[in-house]
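Undergrad: how does the following fold in three dimensions:
(one chain, ligands or ions: 1)
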Amino acid sequence: MADGNTLEAPAITAAQHAEAMRDYIREGEAIARSLGNRGPIRYGDDGKLHAEILSAYWRHGFYVFENVISPDELAELRRDVDELLERAPATPDSEHDKHGRPAFGRDFAKPPFRYAKPLSDPLGGTTKNKGRHPVKMLDPTPNQDAPVWTINGLDGNLQLLDSCLRLYGHPGLLSIAAAINGADFVPYNEVAFIKEPGLGPSVAWHQDGTTHWDAPDWDAGAHGFNFMAQLYPSTPSNCVWTLPGSHKLGKGDIKRLVAESGSERIEGAVPMVCEPGDVMVLNRQAVHGSFANTSADRRITLNAGFFPRHRVLNVTTEKLDGVTHTYDAERIYKRSRIIALGIDARRQRFPDEPSFVYEPLAAEQDRIVWNEAARAELKDYNLLDMYI
Ligand SMILES: O=C(O)CCC(=O)C(=O)O
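TA: Residues are numbered from 1 along each chain as shown. Here you go, the predicted structure:
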């Protein structure tokens with residue numbers, strides 16, 4: 001450790017990086033599988049999310065819900081994401097996709113595609129994202145045939161792909177959001193993390209929350225949670241790792257954790273391994289991150305995040321890009337309508353599935369219809385994203 005922000009590390013190859021991860025992966029995966037925080041969505045006699053699930057979530061800060069997405073829905077999501085990626089600008093500033101056609105998404109207010117250098121760490125040890133990623137991760141040298149850029153994320157999933165909007169209205173997932181954050185839960189953003197084999201960059205260790213750490217009524221759920229829906233195997237080499245229980249301990253000292261561990265491989269952290277179609281819930285206060293993907297396996301994760309309403313109502317703060325916003329009731333109402341749109345989009349596609357009742361908008365749900373006019377309104381909805 002030279003200055004506390006960077007690891008003193010000589011350039012290493014992707015193969016050496018994978019080798020360095022071997023023991024860490026074996027130990028971490030064994031712990032992860034022994035925690036008792038994975039299984040299908042289950043309900044108690046009261047019709048609410050089973051108390052055992054909630055208790056395991058609050059104990060560890062994450063839970064893996066297995067087999068949430070059916071094989072057909074999963075195939076649709078994968079196909080849609082693949083088609084979208086084919087249409088992405090060939091480089092961050094290009095007007096054309098890699099096939100020479102006009103690229104998709106140049107007309108959105110926020111670029112829908114995020115790019116990074118293969119196996120790099122774009123955030124660690126920088127002041128980006130309000131400086132919440134204090135330590136730089138190892139950035140192995142990519143193989144010689146690697147492209148200059150890799151797409152490592154999407155922003156505003158719900159306006160990019162109808163299949164994402166339909167998944168957003170999933171009754172099981174929304175019932176989990178209500179169980180964790182309360183029936184008046186509030187959405188904040190929907191993004192995707194893409195880690196292509198041999199290319200996917202790291203996401204340096206961090207805690208998501210940026211506002212409520214010193215609040216007198218701070219608690220283990222103060223900054224909400226993220227759903228992370230897995231389209232491909234989420235393996236110890238490509239997945240998000242977390243330090244179980246760290247969501248309960250307040251603002252952690254990541255520099256110290258890395259220093260004490262002697263490397264970026266924080267001791268006690270576990271990989272949140274999932275099968276395709278699983279959806280995990282991760283507390284935004286948990287220490288978490290992902291390593292450069294030097295494995296042969298692709299990971300694509302669809303994130304959708306939610307806050308408890310009372311934690312965001314009338315908060316004025318900077319988003320990660322440094323711009324200040326106030327989240328008043330009007331802003332929350334507009335942003336929450338997207339949940340009702342997702343519920344209707346799903347109802348149209350799966351008419352036999354009981355729909356979720358989103359309490360804040362239950363009286364209006366019948367009038368919130370997914371159609372071409374709603375699609376036009378959805379455009380640039382992510383300008384209303386919120387962040388605490
Ligand atoms: O998916 C990943 O690699 C990182 C996800 C993450 O850090 C987040 O959602 O905050």
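
Undergrad: need the residues of the stretch 101-250 of the chain near the ligand, please.
TA: Contact residues, the stretch 101-250 of the chain versus the ligand (C-beta under 6 Å from any ligand atom): 193, 203, 208, 226, 240. Placement of C-beta: from N, CA and C, glycine included.

Undergrad: any idea how far the residue nearest to the spatial centre of the chain is from L231?
TA: Per C-alpha atoms, centre = their mean, the C-alpha nearest to the average position across the chain is that of N303, at 3.4 Å. Per C-beta to C-beta, to the nearest Å, N303 is found 12 Å from L231.

Undergrad: now swap in I151 and tell me
TA: Using C-beta to C-beta, I151 is found at 14 Å from L231.

Undergrad: first to last residue in stretch 125-140, what's the distance?
TA: Start-to-end span of stretch 125-140 (C-alpha to C-alpha, to the nearest Å) is 16 Å.

Undergrad: now the helix or strand containing L158, how far from the chain's geometric center?
TA: Taking DSSP states H and E as the definition, L158 sits inside helix 157-160. From the chain centre to the centre of helix 157-160 is a distance of 14 Å (C-alpha atoms, centre = their mean, to the nearest Å).

Undergrad: may I see the buried residues of that helix?
TA: 157-160 (16 or more other C-beta atoms under 10 Å).

Undergrad: what does that helix rub up against?
TA: Residues from elsewhere that reach helix 157-160 (C-beta atoms under 8 Å, 6 or more residues apart in numbering): 84, 105, 108, 112, 154, 164-165, 168, 190-192, 302, 304, 338, 341-342, 378-382.

Undergrad: go on, stretch 66-77?
TA: With contact meaning C-beta under 8 Å, 6+ apart, stretch 66-77 is reached by 38-41, 161, 163-164, 166-167, 170, 172-173, 229, 231, 274-279, 302.

Undergrad: tell me the contacts of the closest residue in space to F104 that isn't next to it in sequence?
TA: Excluding the flanking residues, the one nearest F104 by C-beta to C-beta, 6 or more residues apart in numbering is R87, at 3.7 Å. Residues in contact with R87 (C-beta under 8 Å, 6+ apart) are 97, 101, 103-105.

Undergrad: H17: which of those is nearest?
TA: Nearest to H17 among the contacts of R87 is D97, at 30.5 Å by C-beta to C-beta.

Undergrad: how near is the nearest residue to that closest one once chain neighbours are set aside to P111?
TA: Using C-beta to C-beta, 6+ apart and skipping the chain neighbours, the partner closest in space to D97 is A103 (4.6 Å). When C-beta to C-beta is applied, the distance between A103 and P111 equals 10 Å.

Undergrad: ok, S261 next?
TA: Noted for S261: a distance of 35 Å to P111, by C-beta to C-beta.

Undergrad: residues touching the residue in the stretch 51-200 of the chain that the ligand sits nearest to, list them.
TA: Ranked by C-beta to the nearest ligand atom, the top residue of the stretch 51-200 of the chain for proximity to the ligand is F193, at 3.3 Å. The contact partners of F193, by C-beta under 8 Å, 6+ apart, come to 152-153, 203, 228, 240, 290, 299-301, 303.

Undergrad: can you give me the strands for this protein?
TA: Counting by DSSP state E, the chain has these strands, from start to end: 38-39, 62-65, 113-116, 150-155, 186-195, 203-206, 225-230, 240-242, 270-271, 279-283, 288-290, 299-307, 315-318, 324-327.

Undergrad: tabulate the ones you listed (CSV), appending distance to L249.
TA: As requested, the strands of the chain are arranged in CSV below (distance: least, C-beta to C-beta, whole Å):
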stretch, distance to L249
strand 38-39, 22
strand 62-65, 15
strand 113-116, 30
strand 150-155, 28
strand 186-195, 23
strand 203-206, 14
strand 225-230, 16
strand 240-242, 13
strand 270-271, 16
strand 279-283, 11
strand 288-290, 13
strand 299-307, 20
strand 315-318, 22
strand 324-327, 26
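
Undergrad: dump those strands to JSON lines, plus distance to A51 and mean pLDDT.
TA: Below are the strands of the chain laid out as JSON lines (distance: least, C-beta to C-beta, whole Å; pLDDT from 0 to 100):
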{"stretch": "strand 38-39", "distance to A51": "13", "mean pLDDT": "98"}
{"stretch": "strand 62-65", "distance to A51": "13", "mean pLDDT": "98"}
{"stretch": "strand 113-116", "distance to A51": "38", "mean pLDDT": "98"}
{"stretch": "strand 150-155", "distance to A51": "35", "mean pLDDT": "98"}
{"stretch": "strand 186-195", "distance to A51": "24", "mean pLDDT": "98"}
{"stretch": "strand 203-206", "distance to A51": "30", "mean pLDDT": "98"}
{"stretch": "strand 225-230", "distance to A51": "17", "mean pLDDT": "98"}
{"stretch": "strand 240-242", "distance to A51": "22", "mean pLDDT": "98"}
{"stretch": "strand 270-271", "distance to A51": "23", "mean pLDDT": "98"}
{"stretch": "strand 279-283", "distance to A51": "15", "mean pLDDT": "98"}
{"stretch": "strand 288-290", "distance to A51": "25", "mean pLDDT": "98"}
{"stretch": "strand 299-307", "distance to A51": "20", "mean pLDDT": "98"}
{"stretch": "strand 315-318", "distance to A51": "30", "mean pLDDT": "92"}
{"stretch": "strand 324-327", "distance to A51": "31", "mean pLDDT": "93"}
